[in-house]
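Colleague: generate coordinates for the sequence data below:
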Amino acid sequence: MKLQQILAPFLLAFAASIGNAMVTIGQKKATTYSNPFFFGAFSLLFASATLFVVAMFFTTKGVSNYFYVNAKWFATTGAGLVLLNIFLYFLYRNHGAAYYTLYSILAIVTTSIFVALYVFNEKMNMYYWISLAFALLTIVFFMKGKSNL
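Modeller: Take a look at the predicted model:
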């Protein structure tokens, strides 16, 4: 296996994980407000505005057709971002950032099994299945560890 086949996905995932850590810090450090949904709304507004500014540095030719063709996928992703924002907010606020371990392992399982296998029919070899088994064991050990505190 070539180094670039491993390095490029690793660096992309690492950069995304930094963004994820920033989300965790923001959700945990922000002061509480009587309406918890404003945190997600303002965060997504800031993120959307930033992405629109960045997008203007690239081609915009045919963007209306792009929107028309992909509107249902924008809505699907938007709904996912809303769910992610709401439930991570309550998870971090009520249980702490350490529970990210539980969320991330569940995300691995749901994305790798449901999305990869059933939605996109991606192939998985023995090593993927072993890694998923370890992910499930991580959930068991994490919950056991938290219950003993």
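
Colleague: make it CA atoms for all contacts and neighbour counts henceforth
Modeller: Will do.

Colleague: any idea how far residue 118 lies from residue 112?
Modeller: Separation of residue 118 from residue 112 (CA to CA, to the nearest Å): 9 Å.

Colleague: name the element residue 133 belongs to?
Modeller: Per DSSP states H and E: residue 133 is located in helix 126-147.

Colleague: what packs against the longest helix seen in the chain?
Modeller: When the chain is parsed with DSSP state H, its longest helix is helix 63-95. Other helices and strands packing on helix 63-95, by 3 or more CA pairs under 8 Å, 6 or more residues apart in numbering; DSSP states H and E, are helix 3-29, helix 37-55.

Colleague: about what we covered before: pull out the buried residues from the helix holding residue 133.
Modeller: By 16 or more other CA atoms under 10 Å, the buried positions in helix 126-147 come out as 132, 135-136, 138-139.

Colleague: in terms of contact, does residue 123 touch residue 112 like I think?
Modeller: No - contact criterion CA atoms under 8 Å: residue 123 and residue 112 do not qualify, at 10.4 Å.

Colleague: ok, the closest residue to residue 39 other than its chain neighbours - contacts?
Modeller: Nearest residue to residue 39 in three dimensions, chain neighbours excluded: residue 27, at 7.8 Å (CA to CA, 6 or more residues apart in numbering). Listed by CA atoms under 8 Å, 6 or more residues apart in numbering, the contact partners of residue 27 are 39, 89, 92-93.
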